[in-house]
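J.: Return atomic coordinates for the entry below.
(chains A and B)
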Amino acid sequence: MPHIITRIAGKKAEWLVTLRWIAVICVVTATYISSEIFHLPIRKNEIYLAAIILFLLNVIYLFLNHKIKDGTEPGIAEQTILVFQIVTDLFLLTFLLHFSGGVENPFIIYYIFHMMIASILLSKRTAYLLTTYALFLVAILAFMEYFAIIPHYPLAGFLKFSYFNQPAYLAGTGFVFVTTSYIVVYITSAIVARLKEAENSYRLANIQLEEKDKIKDEYVYRLSHDIKGHIAAIQNSLDASLMIDDPQKARNFSQTALRRAESLTGFIKNLLRITRLRLNKESEVTGFSLKEVIDEILLFNRENIEKKHLSVQFHFDDRGDMFRGNRFSIGEALTNLISNAIKYTREDGMVNIRVDRGRGFFLIEIEDNGIGIPESEKGNIFKEFFRAKNAAELQEEGDGLGLAIAKQIIDNHRGKISVQSEENKGTKFSIKLPA
Amino acid sequence: MHRVLIVDDDKDIRASMEAMLAAEFLVSAASGKDEALSVLRGKNKPDIILLDVKMRSDQEGFEFAAEIDKDPQLKKIPIIIVSSIEALSCSYAAAEIAREMREKYGYSNLDVLVLRAVTGEVVIDFKSDKSNASVCIQVAGFHSKPVQPKKLIQEIKAILG
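T.: Down below sits the predicted model:
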């Protein structure tokens, strides 16, 4: 976000410089017309001098803007420069007015423009401060001309009567001028604040959309590549089974094709599963025993556990284990985690499962002393299609969706899943589920 | 008989391709870049390499091909890319435009370009994941997976002469 704000600020300064070029042209033209065509007795030399000063200042500001754009000046200086510009502009306007009738000059209305500009470009507080400064300048001008501390240059030929020395008139118009100024600042800054808010939220939404689009592209790429991988293996194996003469070998290739077709079906099922999980939250909620679910999973995996001579411990907190949620989904999440622990632990290894009841939550821990997760890959293990390098080495097959599905299920139950692991030492998944 | 080295991380693909080619060639296989390199450093150097692209990493095959290209001794071994990556075949003239569209406007479907010369050589132009720059490698051929065995055998024979 910060760089967005500086970008807008950069444009602000440019805009102010453009406005000032217009102001210089207008001052010169107006002075020329008033003095040469209407023969008004204004002090044109002083006014031209002011126009030249304004012109030169603008050249400096232009130069400063370029420096800011290059990044040679830090961002904070920008606001200061804007304030400084408006302060000098207001002073020059007062100077011009003094030499062309003082408060009697109708161009006095132009102070309002400066106040609007300040409200648009700067903070509300700064805009009010600058407005107060402008009104102070006008007051001093009126005061000094009234008490003849400085001379009054009347606009003879334009006004029939002079009123710079009429206190009632000065007080009345002064009051209207002051209130108008503050109301203008109030309204302008309110509008600007709303616009800024809207602009920022649009920008943010746009950035997020672009990001999402990219993620989706990558997702589709992974997905189509994984599907193609299975299909290529199926087709190749079938081709091979038809090409070779040895019937036993040909049969083996047909079996490979079948196995890969089954893997593909499993992959697509998992994909649909995770998409459905993401679309609708767990709908069927029942009360069930976590102990029962884990017992079932262990029973289902008994063959693999015995084959690898794993020692499996299941510690269970007696203080009640009735959990409310989707039994099928929770079972799926725990199956994925427990079967991972079994899969990625070497022979004679250990798997520990604990369920503890805390105040308002369940803590389920699944720990093994298996191959672990490399430090650099820990951040990715819950991402779809991701497989850690050492996992892929040990177990070639796997679609990289198991942990993603588990996480989605835990998320849907408003739970949290975290992992602690060290490569070649072991892995511990902790799940906290609100009871 | 000529020796063919298959480099692919999918063991079923390796096995089936070995079976397909066994009648015509002496076939060996490697599951990735490192294994393939140790085969190349061994006694029985292959006459041709069939190389998958996305193995451990997304561009492992390309990286392997680039490494071989740098080695004056191994450089002579022709490589046929056999992969299911998305690649766009285009002419040399169009490649310039495609590369610009990839770099300036981020067209991700142009990440891998396959340029075929009249002489039969193939140049793969891809956006490297590591350096984020366009890299060109010259190979002997490019096959999309799944391979058609007859076509592949024909092409290998044509390259080996």
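J.: Around chain A, which positions in chain B sit nearby?
T.: When proximity is defined as Cβ under 8 Å from any Cβ of the partner chain, chain B approaches chain A at B:10-13, B:15-17, B:19-20, B:22-23, B:54, B:56, B:84-86, B:108, B:145-147, B:149. The C-beta positions use only the backbone N, C-alpha and C, and glycine is treated the same way.
J.: Next step: those restricted to helices.
T.: Among the residues of chain B next to chain A, DSSP state H puts B:K11, B:D12, B:I13, B:A15, B:S16, B:M17, B:A19, B:M20, B:P149 in helices.
J.: Can you tell me which of the residues you listed is nearest A:E211?
T.: B:I13 (34.6 Å; Cβ to Cβ).
J.: With just CA atoms, put stretch A:245-260 into PDB.
T.: The C-alpha coordinates for stretch A:245-260 follow below in PDB (Å, rounded to 0.1, in the frame of the first residue of the first chain):
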ATOM      1  CA  ASP A 245       5.600 -61.400 -27.500                       C
ATOM      2  CA  ASP A 246       6.200 -62.900 -24.000                       C
ATOM      3  CA  PRO A 247       2.600 -63.300 -22.700                       C
ATOM      4  CA  GLN A 248       3.600 -63.000 -19.000                       C
ATOM      5  CA  LYS A 249       5.300 -59.700 -19.600                       C
ATOM      6  CA  ALA A 250       2.500 -58.500 -21.700                       C
ATOM      7  CA  ARG A 251       0.100 -59.300 -18.900                       C
ATOM      8  CA  ASN A 252       2.300 -57.400 -16.500                       C
ATOM      9  CA  PHE A 253       2.000 -54.300 -18.700                       C
ATOM     10  CA  SER A 254      -1.800 -54.600 -18.800                       C
ATOM     11  CA  GLN A 255      -1.800 -54.800 -15.000                       C
ATOM     12  CA  THR A 256       0.400 -51.600 -14.900                       C
ATOM     13  CA  ALA A 257      -2.100 -49.900 -17.200                       C
ATOM     14  CA  LEU A 258      -5.000 -51.000 -14.900                       C
ATOM     15  CA  ARG A 259      -3.200 -49.800 -11.800                       C
ATOM     16  CA  ARG A 260      -2.500 -46.400 -13.300                       C
END
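J.: re earlier: out of the ones in helices among the residues of chain B next to chain A, which end up buried?
T.: Buried residues within those, counting neighbours by 16 or more other Cβ atoms under 10 Å in any protein chain shown: B:D12, B:I13, B:A15, B:S16, B:M17, B:A19, B:M20, B:P149.
J.: residues near A:K12, how many?
T.: Neighbourhood size, A:K12 [other Cβ atoms under 10 Å in any protein chain shown]: 18.
J.: Now do the buried residues in the helix or strand hosting it.
T.: For A:K12, the element it lies in under DSSP states H and E is helix A:2-32. Buried residues in helix A:2-32, defined by neighbour count with 16+ other Cβ under 10 Å: A:9, A:12-14, A:16-17, A:20, A:23-24, A:27-28, A:30-31.
J.: Tell me which stretches of the stretch 301-435 of chain A form helices.
T.: Along the stretch 301-435 of chain A, counting by DSSP state H, counting those that start in this stretch, helices occupy A:302-307, A:327-343, A:389-394, A:402-412.
J.: Now the second one: buried residues?
T.: By neighbour count with 16+ other Cβ under 10 Å, helix A:327-343 contains the buried residues A:327, A:329-338, A:340-343.
J.: tell me which strands and helices it is in contact with?
T.: strand A:286-289, helix A:290-300, helix A:302-307, strand A:350-358, strand A:361-368, helix A:402-412, strand A:426-434 (3 or more Cβ pairs under 8 Å, 6 or more residues apart in numbering or on different chains; DSSP states H and E).
J.: Make TSV from the buried residues of helix A:2-32 and add pLDDT and distance to A:Y133 to it.
T.: Formatted as TSV, these follow (pLDDT from 0 to 100; distance: Cβ to Cβ, whole Å):
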residue	pLDDT	distance to A:Y133
A:A9	54	21
A:K12	76	19
A:A13	80	20
A:E14	84	24
A:L16	89	17
A:V17	91	21
A:R20	93	18
A:A23	92	18
A:V24	93	22
A:V27	91	21
A:V28	93	26
A:A30	90	24
A:T31	90	25
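J.: out of those, who's nearest A:N352?
T.: Checking those one by one against A:N352 (Cβ to Cβ), the nearest turns out to be A:A9, at 58.2 Å.
J.: circling back: quick one: the helices of the stretch 301-435 of chain A as JSON lines, columns for mean pLDDT too.
T.: Below are the helices of the stretch 301-435 of chain A laid out as JSON lines (pLDDT from 0 to 100):
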{"stretch": "helix A:302-307", "mean pLDDT": "90"}
{"stretch": "helix A:327-343", "mean pLDDT": "91"}
{"stretch": "helix A:389-394", "mean pLDDT": "79"}
{"stretch": "helix A:402-412", "mean pLDDT": "91"}
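J.: can you list the ones you listed in a markdown table and add distance to B:E100?
T.: Shown next, in a markdown table, are the helices of the stretch 301-435 of chain A (distance: least, Cβ to Cβ, whole Å):
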| stretch | distance to B:E100 |
| --- | --- |
| helix A:302-307 | 54 |
| helix A:327-343 | 45 |
| helix A:389-394 | 35 |
| helix A:402-412 | 37 |
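J.: quick one: contacts for A:V220?
T.: Applying Cβ atoms under 8 Å, 6 or more residues apart in numbering or on different chains, we find A:V220 in contact with no residue.
J.: can you state the direction angle for the one helix or strand it maps to and helix A:2-32?
T.: Per DSSP H and E, A:V220 falls inside helix A:167-243. Angle, helix A:167-243 to helix A:2-32, by axes from the mean of the first three to the mean of the last three Cα atoms, to 10 degrees: 140 degrees.
J.: on contacts alone, who are the packing partners of the helix or strand just after the helix holding A:K12?
T.: The helix or strand immediately downstream of helix A:2-32 is helix A:44-70, counting by DSSP H and E. Helices and strands touching helix A:44-70, by 3+ Cβ pairs under 8 Å, 6+ apart, are helix A:2-32, helix A:75-98.
J.: out of those helices, which comes closest to chain B?
T.: Nearest to chain B, of all the helices and strands packed on helix A:44-70, is helix A:2-32, at 20.2 Å by Cβ to the nearest Cβ.
J.: I appreciate the help and will end here.
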